[in-house]
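>>> below are the sequence and a predicted model for it; my questions follow.
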Amino acid sequence: RRSAPEELLAGLNDSQRAAVVHAGAPLLVVAGAGSGKTRVLTRRIAWLIDERRVHPGSILAITFTNKAAAEMKERVEDLVGRRARIMWVSTFHSACVRILRKEITALDVDETTYKSNFSIYDAADSKRLMSLVLKDLELDPKRYQPGAVLHWISNHKNELRDPEDAAKEASNSFEEAYASAYTRYQRRLREANALDFDDLIMMTVRLFQTLPDVRENYRRRFRHVLVDEYQDTNHAQYALIHQLCGHDLERGDTPGNEPSELMVVGDADQSIYAFRGANIRNILDFEKDFPDATSILLEQNYRSTQTILTAANSVIKNNAGRLEKRLWSDAGDGERIVGYVGDDEHDEARFVSEEIDKLVDTGRVKAADVAVFYRTNAQSRVFEEVFIRTGQPYKVVGGVRFYERREVRDALAYLRVLVNTADEISLRRVLNTPKRGIGDRAQACVQALAERDRMTFWEALVRADEAPGLATRSGKNIAGFVALIQELQSMVAADERPDVILESVLERSGYLSELEASDDPQDATRVENLAELVAVAREFSDDPQPGPSADPADVEAGIVAVGLGDFLERVALVADSDQIPDAPDGEDAGVVTLMTLHTAKGLEFPVVFLTGLEDGVFPHQRSLGDQPELEEERRLAYVGVTRARERLYISRAMVRSAWGAPSHNPASRFIDELPVDLVDWRRTAQAQTRWGRPDLAASSPARMGAPTAAGRRNFSAAAARADVAAKAKPARQIPSLSPGDRVLHDSFGMGTVVALEGAGDKSVASIDFGSDGVKRLLLRYAPVEKL
Ligand code: ATP
Ligand code: MG
């Protein structure tokens, strides 16, 4: 079907139309939040297909999440019909996987090549591999933490610097050690036929750099490249775009060889991924990089009320060196912003919950219209507690990641081995899981054989009978394992459905029966999670869709991705914000959404609660003494405020418990930046101080019982909470940990033990949770498990 041109341009203002119909020179659309950038990009794709008769296969559109990609594709399909299915609408990572699966075998990587069935390592796999690397290099794990080394490497990769470049730049012995770890890490990745996330981009750039023919193929193919959220691209992604659009210096513009048309849309004020190497300069310098570029500015916001916009503008204007934008809305002033200061985080959550009830009771708001935002994943917990108590259905986007749970990782590791036996990290993970008598000593013997005869760990396992010093019993056990894997591999070779293979893995490996036999309640949860994973695989098999790296020609031919490799790829590419699939409309109407500010990017909700507005929470502690980081936090605040369409709530807590010790955080500076007259404070700090000093009361149990009305109130509330907490948390067994161990925390996700102190009930572990920082946790209470 085709839409009439008027239909494609309907509901767009003049500037938006200009962007949709623009042809030729690179186009930059810069505009504030909610001004229709994503809408314009989507319509432009439809316009290209319908009006300019561009073949959908020659369009590449890049979005920030897989979810955004799916939505965009759906929109375009609504406009131009099924033809749109063969377009590439994907994240940078998915697009690169597609390209690499096809082309990587041609790329020389240190005198060997990757195979096209390479594994994709996520952060946790990379950390495991890095631990091995650090051991190889005999680097002190206390001084050289895998997370820190990986972060350093990631920065280099985002800047397209290989180990050699990194070594050249190393300016002290510390960095020299890091650089040698980088070299070795890349080597081990290559031996495992695995790429980490940053490699996906870097290798594709390298592919295009070293193989001009391949690059030319893709250039000829993608005549149109469109990028949403351009402000969050890092240097490597930027280089990739340049490669694809033929705007590098080597290339002359000979006839028939014109550069592809490029459109990028973004908002420098919403750049919130500097910690992943995002470079705000990419957008600021666009006109310098593309001297013939056309810029279009969008100034009308269609999302929010004027009150919300004014609030957003008055916060962001405190950042230095930005282009002043005049964003306006004709939606009217709307409701005033509502502010609330809670006694503590529980009181704050209670307020949010009650307020949602009231809104829903009016009949004008559905629970699904409401989003609650916070700065760090850990903050979701209190909201969850309150929502469970009040019976308010909710979903947490992000948070404890399903795919990071130990049992889920174990199951996926089995599947990965079936597809790629060179994947040593996965292989070692499952080799003795469940226990099958293949201990460290046996593994060391196999390892020695692998090194001696220069083969992969798997090949050495297959020939374990030749391993010097291997005990007969271990040899038998290894043979059993090899037989198991080979048997399962025959299912893969026979194109068995992924869910069926997964079930066989869980049964034949003995993994499931071991869990089922256990009387640890955690193991029961594990069984449930595995059932969920099987359900995910079943859904994947039942609803065949083009895989993330399926070839468009295959898609056109109706060939769908249903193999085990496709399933693993789908799982590997699931980004944070894609954790929880949306239920179909209607089913979801009663569910409130909880998410971090980072995941909220690009989304909109009629009602938004922006919580935890305290200096030290948001802006984050780390940023307080650091101007660039503080400005990034402010952009995050701008993103948060501008998600709201009709109503915005802001809240903070006087006292927030942080790892057993309550802390009294001052109001966020972002609150002070809001115009006073826009906020209707329902309850203020002044109101609270009349009741005594909640900060002292909460931090000292002795004072909580002080015989004032307020004191008693606080005390009983605290006691009730302690009661709830005690019921919710049965006495835990204290996990025995040592530095370097990987753990999973219910709220913070994966972490690495950095240090331990105290003993027995008093054991305290310092655990590095990556972007959430290092936390000191009392192990008796902390919901951590050793991985
Ligand atoms: P962000 O910066 O948050 O990503 P954006 O600039 O991408 O925002 P969109 O999400 O495309 O903005 O649009 C914001 C809202 O305004 C959407 O609900 C969209 O449908 C609506 N919208 C955009 N342009 C118009 C228009 N011309 N008329 C009516 N509604 C519009
Ligand atoms: Mg957008």
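Done, it's in. Ligands and ions are numbered 1, 2, ... in the order given.
>>> tell me what the helix or strand residue 46 falls within is packed against?
For residue 46, the host element (DSSP states H and E) is helix 37-50. Contacts defined by 3 or more C-beta pairs under 8 Å, 6 or more residues apart in numbering; DSSP states H and E place helix 37-50 against helix 5-9, helix 14-21, strand 27-31, strand 59-62, helix 66-80, strand 224-227, strand 261-266. To be clear about C-beta, it is placed using only N, CA and C from the backbone, and glycine gets the same treatment.
>>> does ligand 1 sit close to that helix?
Yes - with C-beta under 6 Å from any ligand atom as the criterion, ligand 1 is reached by helix 37-50 at 37-39.
>>> highest neighbour count among these?
Counting neighbours by other C-beta atoms under 10 Å, residue 37 comes out on top of the residues of helix 37-50 next to ligand 1 with 26 neighbours.
>>> show me what contacts that one?
Contacts for residue 37 were tallied using C-beta atoms under 8 Å, 6 or more residues apart in numbering; they are 29, 31, 228, 265-267, 298.
>>> report the two of these separated the most.
Greatest spatial distance among these (C-beta to C-beta): 228 and 298, at 13.7 Å.
>>> hmm, back to that, make TSV out of the helices and strands packed on helix 37-50 and add mean neighbour count.
Shown next, in TSV, are these (neighbours: other C-beta atoms under 10 Å):
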stretch	mean neighbour count
helix 5-9	14
helix 14-21	19
strand 27-31	24
strand 59-62	25
helix 66-80	19
strand 224-227	24
strand 261-266	24
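>>> mean pLDDT and distance to ligand 2 added to these, as TSV?
As requested, the helices and strands packed on helix 37-50 are exported to TSV (pLDDT from 0 to 100; distance: least, C-beta to the ion, whole Å):
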stretch	mean pLDDT	distance to ligand 2
helix 5-9	89	19
helix 14-21	97	13
strand 27-31	94	9
strand 59-62	96	13
helix 66-80	89	8
strand 224-227	97	12
strand 261-266	95	7
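>>> sorry, back to before: now, which of the contacts of residue 37 lie close to ligand 1?
Residues of the contacts of residue 37 in contact with ligand 1 (C-beta under 6 Å from any ligand atom): 31, 267.
>>> and stretch 204-218, how far apart are its ends?
End-to-end distance for stretch 204-218, by C-alpha to C-alpha, to the nearest Å: 11 Å.
>>> let me see the mean pLDDT of that stretch.
The average pLDDT within stretch 204-218 is 94.
>>> list the buried residues for it?
Within stretch 204-218, the residues that qualify as buried are 204-208, 214-215, 218, counting by 16 or more other C-beta atoms under 10 Å.
>>> relative to the whole chain's centre, how far out is that stretch?
In terms of C-alpha atoms, centre = their mean, to the nearest Å, the centre of stretch 204-218 is found 28 Å from the chain centre.
>>> distance-wise, check the closest residue to ligand 1 within the stretch 601-750 of the chain relative to residue 610.
At 4.4 Å from ligand 1, residue 602 is the closest residue in the stretch 601-750 of the chain, using C-beta to the nearest ligand atom. Distance of residue 602 to residue 610, given as C-beta to C-beta, to the nearest Å: 17 Å.
>>> returning to what we had before: adding distance to ligand 1, write the buried residues of stretch 204-218 out as JSON lines.
Formatted as JSON lines, those follow (distance: C-beta to the nearest ligand atom, whole Å):
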{"residue": "204", "distance to ligand 1": "26"}
{"residue": "205", "distance to ligand 1": "26"}
{"residue": "206", "distance to ligand 1": "31"}
{"residue": "207", "distance to ligand 1": "31"}
{"residue": "208", "distance to ligand 1": "29"}
{"residue": "214", "distance to ligand 1": "33"}
{"residue": "215", "distance to ligand 1": "30"}
{"residue": "218", "distance to ligand 1": "27"}
